[in-house]
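Novice: Sequence unavailable; structure follows:
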Ligand code: C2E
Ligand code: MG
Ligand code: MG
């Protein structure tokens with residue numbers, strides 16, 4: 001590794017203002033799988049034979065190379081190649097494609113056939129760094145982009161992606177402080193399709209960060225979920241919403257429901273259930289006024305453990321809603337198996353309704369009605385959509401056409417005299 005770094009720095013020292021030097025960073029995907037399942041000896045053979053093929057690939061005549069020091073294994077299954085004096089990025093693309101092609105049908109070697117691929121990141125001197133350390137760090141960051149985007153591909157380092165990664169890092173740091181004083185719950189009305197009256201509200205989290213400005217839940221919730229930080233957040237939301245329940249019932253009446261989003265990642269264990277139940281008890285609230293919205297984009301929602309936990313909530317008297325339906329993983333079969341009371345048709349389906357998607361939405365509504373499932377349409381933005389949905393028999397409507405999510409006082413002000 002030291003030799004490789006020195007080699008990069010040496011090239012940079014000798015570079016003139018027209019020079020470009022590319023660092024191609026290669027990390028094998030699923031190499032750990034091979035080590036864990038076939039043993040380290042087999043892993044070693046794979047690495048050796050890959051190194052040999054990599055050498056063959058990058059030594060092809062049309063690529064101008066220096067000497068052997070331009071190729072290195074930097075760590076376990078991480079390799080790097082330096083390319084210099086190349087005319088344009090096409091050369092780099094071609095090289096990356098050739099490296100990927102080594103794995104085109106898995107990796108075949110003397111030790112067997114393995115489901116290994118490669119993720120590749122590329123950083124170029126001078127724009128992405130003017131020393132070996134920066135170039136390696138940035139090529140590595142690009143490699144992670146390639147991995148995140150689904151592995152078995154290459155990505156160039158870009159400042160935009162780097163800024164995005166930095167912001168995610170900052171959000172994670174702030175979330176880890178678990179200081180919820182900057183968080184506020186907004187409430188978005190759900191409108192009864194028959195009467196046109198408000199029949200429920202959905203609690204939506206807002207974060208006014210002194211460090212980061214306004215951070216939208218679409219941005220910070222996936223980060224909280226993927227870093228395992230959602231537990232405290234969800235519990236905070238639940239407690240906060242219960243505090244507002246009395247005021248909300250003033251406008252919703254006894255039959256109205258307060259909907260709370262919960263991360264589906266929570267449904268894998270029953271600790272969350274117990275936490276919600278004890279919060280409910282402490283505040284002296286009844287589950288019958290509450291609806292839990294579960295997003296179906298998370299794959300964990302498919303397990304039998306999840307089904308068991310959903311049944312616990314159901315037995316405890318909560319209403320269960322499947323959020324963003326039509327945009328995620330849930331199949332129609334699962335709709336019949338899961339103890340779901342409500343389906344919220346995703347905005348993306350409503351958006352396409354007037355452009356040819358109407359029949360699908362109508363069929364979906366009819367299917368749900370026959371299954372005794374209550375149907376809410378999300379993201380309703382026009383009178384035309386609202387009318388078509390009402391005609392199709394939808395039960396409730398939610399969207400900017402009626403209201404944006406509102407702070408509690410604004411909501412109370414607007415609805416205190418219109419209902420009940
Ligand atoms: P969701 O639960 O599907 O909430 C609906 C989102 O769509 C909200 O965005 C809402 O403001 C937006 N929306 C509703 N109607 C319209 C419309 O007509 N037009 C447009 N353009 N947008 C509309 P928001 O508040 O940014 O929330 C995004 C997602 O973040 C939520 O999607 C939910 O999955 C998650 N989320 C929000 N609050 C919480 C929370 O307290 N806990 C958890 N676990 N997740 C939350
Ligand atoms: Mg929701
Ligand atoms: Mg939704």
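Specialist: Nice, I can see it. As the structure is a prediction and not an experimental result, all values here were calculated from the model. Ligands and ions are numbered 1, 2, ... in the order given.
Novice: mind listing the helices for the stretch 151-300 of the chain?
Specialist: 159-176, 217-226, 230-252, 271-283 (DSSP state H, counting those that start in this stretch).
Novice: Next, format the ones you listed as CSV and append mean pLDDT, mean neighbour count and distance to ligand 3.
Specialist: Every C-beta, even on glycine, is put in place using the N, C-alpha and C of the backbone. Below are the helices of the stretch 151-300 of the chain laid out as CSV (pLDDT from 0 to 100; neighbours: other Cβ atoms under 10 Å; distance: least, Cβ to the ion, whole Å):
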stretch, mean pLDDT, mean neighbour count, distance to ligand 3
helix 159-176, 90, 14, 21
helix 217-226, 90, 17, 11
helix 230-252, 95, 18, 15
helix 271-283, 94, 15, 20
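Novice: Make a markdown table out of these and add distance to residue 360.
Specialist: Below are the helices of the stretch 151-300 of the chain laid out as a markdown table (distance: least, Cβ to Cβ, whole Å):
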| stretch | distance to residue 360 |
| --- | --- |
| helix 159-176 | 34 |
| helix 217-226 | 25 |
| helix 230-252 | 31 |
| helix 271-283 | 34 |
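Novice: got a markdown table for those, with distance to ligand 1 too?
Specialist: Formatted as a markdown table, those follow (distance: least, Cβ to the nearest ligand atom, whole Å):
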| stretch | distance to ligand 1 |
| --- | --- |
| helix 159-176 | 13 |
| helix 217-226 | 4 |
| helix 230-252 | 4 |
| helix 271-283 | 11 |
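Novice: can you tell me which of the ones you listed comes nearest to ligand 2?
Specialist: When those are compared by Cβ to the ion, helix 217-226 sits nearest ligand 2, at 9.7 Å.
Novice: contact partners of that closest one?
Specialist: With contacts defined as Cβ atoms under 8 Å, 6 or more residues apart in numbering, helix 217-226 is touched by 168, 171-172, 175, 204-207, 229-230, 233, 263, 265, 298.
Novice: and if we set it to 6 Å?
Specialist: Helix 217-226 has contacts (Cβ atoms under 6 Å, 6 or more residues apart in numbering) with 168, 171-172, 175, 205, 230, 233, 263, 265.
Novice: Any idea how many residues pack against residue 331?
Specialist: When counting by other Cβ atoms under 10 Å, one arrives at 10 neighbours for residue 331.
Novice: Got phi/psi on it?
Specialist: phi -100, psi 170 (degrees, to the nearest 10).
Novice: what's the answer for residue 95, then?
Specialist: Phi and psi for residue 95, reported as degrees, to the nearest 10, are phi -70, psi -40.
Novice: How about the residues of this structure by ligand 2?
Specialist: 261, 293, 323 (Cβ under 5 Å from the ion).
Novice: Distance-wise, check the nearest residue in space to residue 380 that is not next to it in sequence relative to ligand 2.
Specialist: Nearest residue to residue 380, sequence neighbours excluded (Cβ to Cβ, 6 or more residues apart in numbering): residue 399, at 3.2 Å. Separation of residue 399 from ligand 2 (Cβ to the ion, to the nearest Å) stands at 12 Å.
Novice: In terms of pLDDT, where does residue 399 sit?
Specialist: pLDDT for residue 399: 98.
Novice: Give the helix, strand or coil label for it.
Specialist: With DSSP: H, G, I helix; E, B strand; the rest coil as the basis, the three-state label of residue 399 is coil.
Novice: And for it, the neighbour number?
Specialist: Residue 399: 22 neighbours (other Cβ under 10 Å).
Novice: Likewise for the one 4 residues further on?
Specialist: Taking other Cβ under 10 Å as the neighbour definition, residue 403 ends up with a count of 19.
Novice: list the contacts for the nearest residue to it once chain neighbours are set aside?
Specialist: Spatial nearest neighbour of residue 403, excluding adjacent residues (Cβ to Cβ, 6+ apart): residue 189 at 4.7 Å. Residue 189 makes contact with 198, 201, 403 under the criterion Cβ under 6 Å, 6+ apart.
Novice: what does residue 17 give?
Specialist: Contacts of residue 17 by Cβ under 6 Å, 6+ apart: none found.
Novice: That one belongs to a helix, doesn't it?
Specialist: No. Counting by three-state DSSP, residue 17 is not found in a helix; it is coil.
Novice: Distance check, it against ligand 3.
Specialist: Applying Cβ to the ion to residue 17 and ligand 3 gives a distance of 53 Å.
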